[in-house]
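Visitor: coordinates only, sequence not included:
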């Protein structure tokens, strides 16, 4: 073996090569209240400012800092990004940081930053580990320390997930009370109704069931000066829709609606069956009844899937169906510019195509009269309530459907884990026997279980919605029967609860009630 002679470098690099005044910056970060207890954000900024300004030959550039930001990704760390930009643009000669874990908990980001320091010949000192960016012998230590920090973040993430999971299993959950209209945290830790705000929630549900849209409801609340959940003056349709769809307003809680698959990027995704969910019935006092909530969900689905006329703000168009062509009715104006102006309802499609619908036309007042006539005929039958009671009993026990849903969720979770394990094993070894065949079989099973889960969920939702409609119908019918002299005044909410649809013929209307019974009235 030949003799090895080490030749020392003759050209110095890094901060030792710079004769002029060094432009020095520091980076500081805290990400939690615990961090702030022992080494606060303000204390780090103050320390580095004094330290750099008092050091001979150093010129203070600034302290680049991120307060309350995770270190597992640089995505939202504005201070860190600005630091690296200024390093690359030649504004900084030397950087100080308390430790590698403060600088970053992601090995990939750490190595990327190290490459920037090397390319720009800017040194960085991590004080706790006493490692410099331009010291080639420290590469191994930097990689080890950043990997340990990343693994620590992963461990913390797993512990947090486990804690949340156990809380869900015990039925414990939290709500964003600051931006959640209608509730505050009670002394027992559970949601407590704030009555003044609850009135707004009930108003939103009532107006929607009367036929109004989220856009119109939002506009009305804004005009009335009602503060939004975030205490803003203006309401947005999406806010109204969110209130209408949130099950917590009826005393239920569906937990783990979303999750974070990767602890490094913290990106939240909607849980569509990838993770187990937890459904809590009677978790707290509801602001609206469960029956009303379920009806609203069915109505929202009907409006979103129906024709434009189904989405109309006119409450009657939700019920009126042409007996000739099957189309929906709409409000039309006759003689709009003279004294004979009249608003009538007719089939929207009556003049489309070669076929001309001959279904009847009528005013809103006439429809109300016909509905009251049909309703009084309906309530005169004492057997009507017994029929509805029997129908409700068919949906009283849904435990088998719920158990099947949970079983399919568990099965989907098992299949998902098996696929992940197979892919990871193949990535490590590249030698999994019959990998393609096994993966294809697992993927097919995943699709099959996923489809079964989706169908089971839809079937259970439909049964709950049907029962909810029948219960509302039963209560409304019972109240109507208690009227000794019949119902003489039209009630829009009663119409929504009792009527399923009104099929308009040439000279009559079939009023189809929620229990499927029909009363025919001449126009």
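Guide: Good, I have the coordinates. A quick note: this is a predicted structure, and the numbers were derived from the prediction, not measured.
Visitor: can you report how many residues lie near residue 128?
Guide: 12 (other C-beta atoms under 10 Å). For the C-beta atoms, the positions are set from N, CA and C on the backbone; glycine is no exception.
Visitor: skip the chain neighbours and tell me the closest residue to it.
Guide: Spatial nearest neighbour of residue 128, chain neighbours left out: residue 99 (3.8 Å); criterion: C-beta to C-beta, 6 or more residues apart in numbering.
Visitor: so the one you found is in contact with residue 130, correct?
Guide: No - taking contacts as C-beta atoms under 8 Å, residue 99 lies outside contact range of residue 130: 10.3 Å.
Visitor: who's more crowded, those two?
Guide: residue 99 (13 against 10).
Visitor: residue contacts, the more buried one?
Guide: Residue 99 makes contact with 126-129 under the criterion C-beta atoms under 8 Å, 6 or more residues apart in numbering.
Visitor: with residue 505 instead?
Guide: 323-324, 359-360.
Visitor: okay, now residue 49: neighbour count?
Guide: Residues near residue 49, counting by other C-beta under 10 Å: 14.
Visitor: measure it to residue 60 for me?
Guide: For residue 49, the distance to residue 60 equals 7 Å [C-beta to C-beta, to the nearest Å].
Visitor: what does residue 112 give?
Guide: Counting by C-beta to C-beta, the gap from residue 112 to residue 60 is 26 Å.
Visitor: among the two, which residue is more densely surrounded?
Guide: Between residue 112 and residue 60, counted using other C-beta under 10 Å, residue 60 has the larger neighbour count: 17 against 13.
Visitor: confirm residue 509 sits in a strand?
Guide: Yes - per DSSP: H, G, I helix; E, B strand; the rest coil, residue 509 lies within a strand segment.
Visitor: residue contacts, it?
Guide: 360, 370, 374, 502-503, 520-521, 523.
Visitor: show me what the longest helix anywhere in the chain is packed up against.
Guide: When the chain is parsed with DSSP state H, its longest helix is helix 435-481. Applying 3 or more C-beta pairs under 8 Å, 6 or more residues apart in numbering; DSSP states H and E, one finds that helix 435-481 contacts helix 290-305, helix 364-379, helix 383-393, helix 399-429, helix 492-498.
Visitor: mind putting the ones you listed into CSV with mean pLDDT and mean neighbour count?
Guide: Written out in CSV, the entries for the helices and strands packed on helix 435-481 read as follows (pLDDT from 0 to 100; neighbours: other C-beta atoms under 10 Å):
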stretch, mean pLDDT, mean neighbour count
helix 290-305, 75, 18
helix 364-379, 90, 18
helix 383-393, 83, 14
helix 399-429, 81, 14
helix 492-498, 79, 19
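Visitor: a markdown table for those helices, including distance to residue 318?
Guide: Converted to a markdown table, the helices and strands packed on helix 435-481 look like this (distance: least, C-beta to C-beta, whole Å):
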| stretch | distance to residue 318 |
| --- | --- |
| helix 290-305 | 8 |
| helix 364-379 | 13 |
| helix 383-393 | 21 |
| helix 399-429 | 28 |
| helix 492-498 | 8 |
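Visitor: out of the ones you listed, flag the one nearest residue 53.
Guide: When those are ranked by proximity to residue 53, the top entry is helix 399-429, at 50.5 Å, counting by C-beta to C-beta.
Visitor: the closest one to helix 435-481, inter-axis angle?
Guide: Here helix 399-429 runs at an angle of 160 degrees relative to helix 435-481 (axes from the mean of the first three to the mean of the last three C-alpha atoms, to 10 degrees).
Visitor: who are the packing partners of helix 399-429?
Guide: In terms of contacts (3+ C-beta pairs under 8 Å, 6+ apart), helix 399-429 is packed against helix 435-481.
Visitor: for the helix it packs on, what is the distance to the chain centroid?
Guide: The chain centre lies 20 Å from the centre of helix 435-481; the measure is C-alpha atoms, centre = their mean, to the nearest Å.
Visitor: give me the mean pLDDT for that helix.
Guide: For helix 435-481, mean pLDDT rounds to 81.
Visitor: so who does the residue lying closest to residue 476 once chain neighbours are set aside touch?
Guide: Leaving aside its chain neighbours, residue 476 sits nearest to residue 497 (4.1 Å; criterion: C-beta to C-beta, 6+ apart). Neighbouring residues of residue 497 by C-beta under 8 Å, 6+ apart: 295, 472-473, 475-476, 514.
Visitor: show me where the stretch 1-150 of the chain has its strands.
Guide: 22-30, 58-67, 94-97, 123-126, 131-132 (DSSP state E, counting those that start in this stretch).
Visitor: what's the answer for the stretch 151-300 of the chain, then?
Guide: Using DSSP E, counting those that start in this stretch, strands in the stretch 151-300 of the chain cover 183-185, 191-193, 253-255, 258-259, 269-270, 278-280.
Visitor: mean pLDDT lowest for which of those?
Guide: Within the strands of the stretch 151-300 of the chain, confidence is poorest for strand 258-259, with a mean of 46 (mean pLDDT).
Visitor: return the distance of the closest residue to residue 240 other than its chain neighbours relative to residue 316.
Guide: Nearest non-adjacent residue to residue 240, counting by C-beta to C-beta, 6+ apart: residue 214, 4.0 Å away. Distance, residue 214 to residue 316, using C-beta to C-beta: 19 Å.
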